[in-house]
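> sequence-free structure coming up:
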């Protein structure tokens with residue numbers, strides 16, 4: 001039976017919480033900044049696993065070649081087996097970075113993970129498909145990703161979503177809710193909660209005197225498990241998830257415990 005691979009994103013200071021689980025840590029410790037240069041957050045220097053790099057402070061200026069070399073040297077120095085490029089912006093220099101690292105990492109035998117928009121620019125990289133939808137079908141979404149990128153490159157990126165939508169919602173985007181806000185809303189309204197098999201998410205509706213009809217969509221441990229199961233049925237066996245969101249549901253979604261070390265005989 002094929003083995004699942006779980007890649008868990010977390011800050012280096014939270015790494016001890018993951019040590020009892022069979023998962024690969026992806027360290028939330030790096031960002032692209034002016035120069036451009038690679039910056040590491042905090043004083044903790046992680047080792048092993050993957051580096052996660054975001055582009056929040058990237059302005060698109062400067063030569064990308066030296067930056068790519070910085071990232072390669074950091075992977076070598078820290079013993080990383082690859083990187084997650086958590087790029088949200090769409091800039092030509094980011095496309096160049098993804099393409100250059102794709103070739104360099106492939107030569108090194110390292111894994112590279114990219115967001116969907118950068119999949120075409122990094123043909124060796126694994127492409128992260130978000131699990132959260134506000135419409136359509138998760139199964140069909142993953143089938144389309146498999147048609148584009150193939151089974152070996154498609155990764156399900158789990159998200160524990162909580163959003164409050166005004167109805168109608170032409171943009172498909174709602175107001176994000178914290179866990180506390182969602183629980184307060186459920187306690188105040190005592191709504192009937194339903195499960196969407198297409199979205200693999202729970203939902204309820206309510207009316208507000210101020211702004212009319214609302215649709216609340218959210219995830220819990222069971223919906224995350226359903227999403228993992230849909231992906232497995234399609235042959236997807238690699239999952240990326242933030243520890244902050246999945247820690248209470250780790251066993252439920254299929255992350256295995258490491259076996260206890262055997263004690264030697266006296």
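Here it is on my side, so go on. None of the values given here were measured: they were computed from a predicted structure. Residues are numbered from 1 along each chain as shown.

> where in the stretch 101-250 of the chain is pLDDT low?
In the predicted model, the stretch 101-250 of the chain carries no residue with pLDDT under 70.

> at 80 instead, please
Scanning the stretch 101-250 of the chain with the threshold set as pLDDT under 80 gives 168-172.

> is it true that residue 221 touches residue 251?
No: contact criterion C-beta atoms under 8 Å: residue 221 and residue 251 do not qualify, at 9.2 Å. C-betas here are computed from N, CA, C, even on glycine.

> neighbour count: those two, which is higher?
Remark: of residue 221 and residue 251, residue 221 carries more neighbours, 15 against 12, as counted by other C-beta atoms under 10 Å.

> distance of the more buried one from residue 161?
Residue 221 sits 13 Å away from residue 161, going by C-beta to C-beta, to the nearest Å.

> ranges for the helices of the chain?
64-78, 92-108, 138-149, 179-189, 221-233, 243-246, 250-253 (DSSP state H).

> packing partners of the first one?
Using 3 or more C-beta pairs under 8 Å, 6 or more residues apart in numbering; DSSP states H and E as the contact test, the elements touching helix 64-78 are strand 37-40, strand 50-54, strand 82-86, helix 92-108.

> and the closest residue to residue 165 other than its chain neighbours, what does it touch?
Among residues not flanking residue 165 along the chain, residue 174 sits closest, at 3.7 Å (C-beta to C-beta, 6 or more residues apart in numbering). Counting by C-beta atoms under 8 Å, 6 or more residues apart in numbering, residue 174 touches 134, 163-166, 215-217.

> quick one, which of the helices and strands packed on helix 64-78 is nearest to residue 30?
Smallest distance to residue 30 across these (C-beta to C-beta): 4.5 Å, for strand 50-54.

> now for that closest one, which elements pack on it?
Strand 50-54 packs on strand 24-33, helix 64-78, strand 82-86, going by 3+ C-beta pairs under 8 Å, 6+ apart.

> and it with strand 24-33, angle?
30 degrees (axes from the mean of the first three to the mean of the last three C-alpha atoms, to 10 degrees).

> pick the most deeply packed of the helices and strands packed on strand 50-54.
strand 82-86 (a mean of 24; mean count of other C-beta atoms under 10 Å).

> ok, and what's touching it?
Contact with strand 82-86 is made by 7, 9, 26, 50-55, 71, 75, 97-98, 101, 105, 110-115, 118, 125, 128, 240, as judged by C-beta under 8 Å, 6+ apart.

> and stretch 213-227, by the same measure?
131-132, 134, 138, 156, 158-167, 169, 174, 177, 182, 185, 191, 195, 199-208, 241, 246, 248-249, 252-254.

> 7 Å instead, please
When contacts are defined by C-beta atoms under 7 Å, 6 or more residues apart in numbering, stretch 213-227 is touched by residues 131, 134, 138, 156, 158, 160-167, 182, 185, 200-208, 246, 248-249, 252-253.

> that one: which residues count as buried?
Judged by neighbour count (16 or more other C-beta atoms under 10 Å), stretch 213-227 contains these buried residues: 214-220, 223-227.

> including distance to residue 91, could these go into CSV?
Compiled in CSV, the buried residues of stretch 213-227 are given as follows (distance: C-beta to C-beta, whole Å):
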residue, distance to residue 91
214, 35
215, 34
216, 34
217, 30
218, 32
219, 30
220, 36
223, 34
224, 32
225, 36
226, 35
227, 30
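
> what residues are up against the residue most central in space within the chain?
Centre of the chain computed as the mean C-alpha position; nearest residue by C-alpha atoms, centre = their mean is residue 157, 3.9 Å away. Contacts for residue 157 (C-beta under 7 Å, 6+ apart) come out as 128-131, 240.

> any idea how far the nearest residue to it once chain neighbours are set aside is from residue 162?
Leaving out its chain neighbours, the residue that sits closest to residue 157 by C-beta to C-beta, 6+ apart is residue 128, at 4.1 Å. Distance of residue 128 to residue 162, computed by C-beta to C-beta: 20 Å.

> these two - which one has more neighbours?
Counting neighbours by other C-beta under 10 Å for residue 128 and for residue 162 shows that residue 128 has the greater number, 25 against 22.

> for the residue nearest to the centre of the chain, name its beta-bridge partners.
Counting by DSSP bridges, residue 157 forms beta bridges with residue 130, residue 240.
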